[in-house]
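Visitor: Attaching a predicted model along with its sequence, questions to come.
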Amino acid sequence: GKYIVMQLLDGHELRRLLGSPLPPQRAVALALQLLRGLDHAHRRGLVHRDLKPENVFVVRDDDGNERLVLVDFGIVKLLTPSEAKLTRAGQVFGTPRYMSPEQVSGGKIDARADLYALGVVLYEMLAGTPPFDADQAGMLMRMHMIADPPPLPDTVPAPIRAVVSRLLEKRADDRFPTARAVIDALAGGSVQAMPAVELAAAPVAVAASPVVVTAAPAAPIASKVASPPRSEPEGVTWIIPPRDLAPPRGAALRGENLALRAVAMVLLVILVALGALMCNSWRSAP
């Protein structure tokens with residue numbers, strides 16, 4: 001029979017480490033691991049599209065060192081000539097709190113969308129809170145489009161703040177072009193001079209997923225959430241198909257027919273009432 005062998009991960013989600021600021025040295029070390037994993041995927045033509053703390057697993061290797069595993073490639077995008085067959089214009093994929101502006105707008109997606117999400121995660125590790133937050137998912141996505149993130153604390157070295165700022169640029173062309181370029185920015189210059197930055201951290205593992213490439217459907221299946229709720233539950237991934245805001249022509253015609261019938265019925269009642277009054281008048285005439 002057929003079966004799938006998958007790695008058993010003994011650890012916890014990156015989310016467990018968040019909620020209060022991490023030391024910049026540790027945040028950078030974790031980000032470097034994630035960037036190496038993204039670089040590995042991007043060079044093979046894969047864009048994750050749903051990078052968030054819930055999709056990063058923290059484990060320990062045999063020596064007790066902290067190692068990250070990037071998981072859940074369920075809505076991965078293939079950067080190949082056939083990519084148009086996998087998605088349609090206007091579709092929105094991802095988690096609103098970590099979506100890039102081009103994901104929010106349903107625009108063209110490439111590796112720089114993952115770098116934006118990495119910027120959100122790195123910001124959250126450094127500040128203890130994400131750069132954008134709102135009760136309504138629609139407002140949250142709008143903030144990704146137009147709002148500037150609050151400044152990071154002064155305890156974060158200026159070179160790191162500059163890297164995060166560039167990662168969170170609204171226009172993909174204004175961000176780093178590749179994960180390797182971000183690695184070079186974090187691992188070089190004044191950032192490298194920070195004490196205890198683990199520049200030799202082990203590369204993040206990319207967990208195998210049976211839905212990465214082999215069985216990509218023509219139209220994505222909303223296995224988690226089919227339509228957006230009024231507010232964003234924690235960790236929910238959206239797969240929202242494009243919708244035509246105009247009502248179907250058939251529905252419009254049915255509505256017009258009902259309105260005409262109602263008007264006709266009112267006119268008929270008025271005519272019947274007038275006829276009855278005229279008959280009564282003729283009968284009572286001398």
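Guide: Here it is on my side, so go on.

Visitor: could you check the distance from Asp10 over to Phe57?
Guide: 9 Å (Cβ to Cβ, to the nearest Å). All C-beta spots, glycine's among them, are computed from the backbone N, C-alpha and C.

Visitor: actually Met265, sorry about that
Guide: 66 Å.

Visitor: Next: Ile109.
Guide: 24 Å.

Visitor: Please apply the same query to Gly106.
Guide: For Gly106 relative to Phe57 (Cβ to Cβ), the value is 29 Å.

Visitor: quick one: which of these two has more around it?
Guide: Ranked by neighbour count (other Cβ atoms under 10 Å), Gly106 and Phe57 place Phe57 first, with 22 against 16.

Visitor: list the contacts for that one?
Guide: 9, 11-14, 68-71, 207 (Cβ atoms under 8 Å, 6 or more residues apart in numbering).

Visitor: would you say it is within a strand?
Guide: Yes: note on Phe57: a strand contains this position according to DSSP: H, G, I helix; E, B strand; the rest coil.

Visitor: Any idea what it is bridged to?
Guide: Glu13, Val69 (DSSP bridges).

Visitor: same thing with Gly94?
Guide: In beta-bridge terms (that is, DSSP bridges), Gly94 pairs with Trp238.

Visitor: hang on, it packs against Pro101?
Guide: No: counting by Cβ atoms under 8 Å, Gly94 stays clear of Pro101, with 11.5 Å between them.

Visitor: Between these two, point out the one with more neighbours.
Guide: Gly94 (24 against 20).

Visitor: and the gap between the more buried one and Met141?
Guide: For Gly94, the distance to Met141 equals 10 Å [Cβ to Cβ].

Visitor: which secondary element of this protein has the worst mean pLDDT?
Guide: strand 238-240 (a mean of 49; mean pLDDT, DSSP states H and E).

Visitor: shaky segments in the chain?
Guide: 74-92, 189-263, 276-286 (pLDDT under 70).

Visitor: can you give me the strands in it?
Guide: Using DSSP state E, the strands of the chain run over 11-13, 46-47, 56-60, 66-70, 77-78, 92-94, 205-206, 238-240.

Visitor: for the closest residue to Val120 other than its chain neighbours, what are its contacts?
Guide: Nearest residue to Val120, sequence neighbours excluded (Cβ to Cβ, 6 or more residues apart in numbering): Tyr98, at 4.9 Å. Residues near Tyr98 by Cβ under 8 Å, 6+ apart: 50-52, 117, 120-121, 130.

Visitor: Now render these as JSON lines, adding distance to Val163.
Guide: Below are the contacts of Tyr98 laid out as JSON lines (distance: Cβ to Cβ, whole Å):
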{"residue": "Asp50", "distance to Val163": "22"}
{"residue": "Leu51", "distance to Val163": "16"}
{"residue": "Lys52", "distance to Val163": "19"}
{"residue": "Ala117", "distance to Val163": "15"}
{"residue": "Val120", "distance to Val163": "13"}
{"residue": "Val121", "distance to Val163": "13"}
{"residue": "Pro130", "distance to Val163": "17"}
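
Visitor: of those, closest to Ala162?
Guide: Of all these, Ala162 sits closest to Val120, with 16.2 Å by Cβ to Cβ.

Visitor: gap between that closest one and Leu168?
Guide: 7 Å.

Visitor: hey, what's in contact with both of these two?
Guide: Residues touching both Val120 and Leu168 (Cβ under 8 Å, 6+ apart): Pro131.

Visitor: Ends of stretch 34-48, what's the gap?
Guide: 12 Å (Cα to Cα, to the nearest Å).

Visitor: list the buried ones in that stretch?
Guide: For stretch 34-48, the neighbour count (16 or more other Cβ atoms under 10 Å) marks 34-42, 46-48 as buried.

Visitor: can you count the residues close to Ala264?
Guide: What Ala264 shows, counting by other Cβ under 10 Å, is a neighbour count of 10.

Visitor: Next: Pro150.
Guide: Neighbourhood size, Pro150 [other Cβ under 10 Å]: 11.

Visitor: Provide a list of residues in contact with it.
Guide: 127, 131.

Visitor: I'd like to know how far it sits from Ser100.
Guide: Distance from Pro150 to Ser100, by Cβ to Cβ: 19 Å.

Visitor: In contact with Tyr116, which residues?
Guide: Going by Cβ under 8 Å, 6+ apart, Tyr116 touches 100-101, 167-169, 172, 175.

Visitor: Skipping adjacent residues, who's closest to Lys170 in space?
Guide: Lys170 sits nearest to Pro101 (Cβ to Cβ, 6+ apart), 5.0 Å away.

Visitor: Great, nothing more from me.
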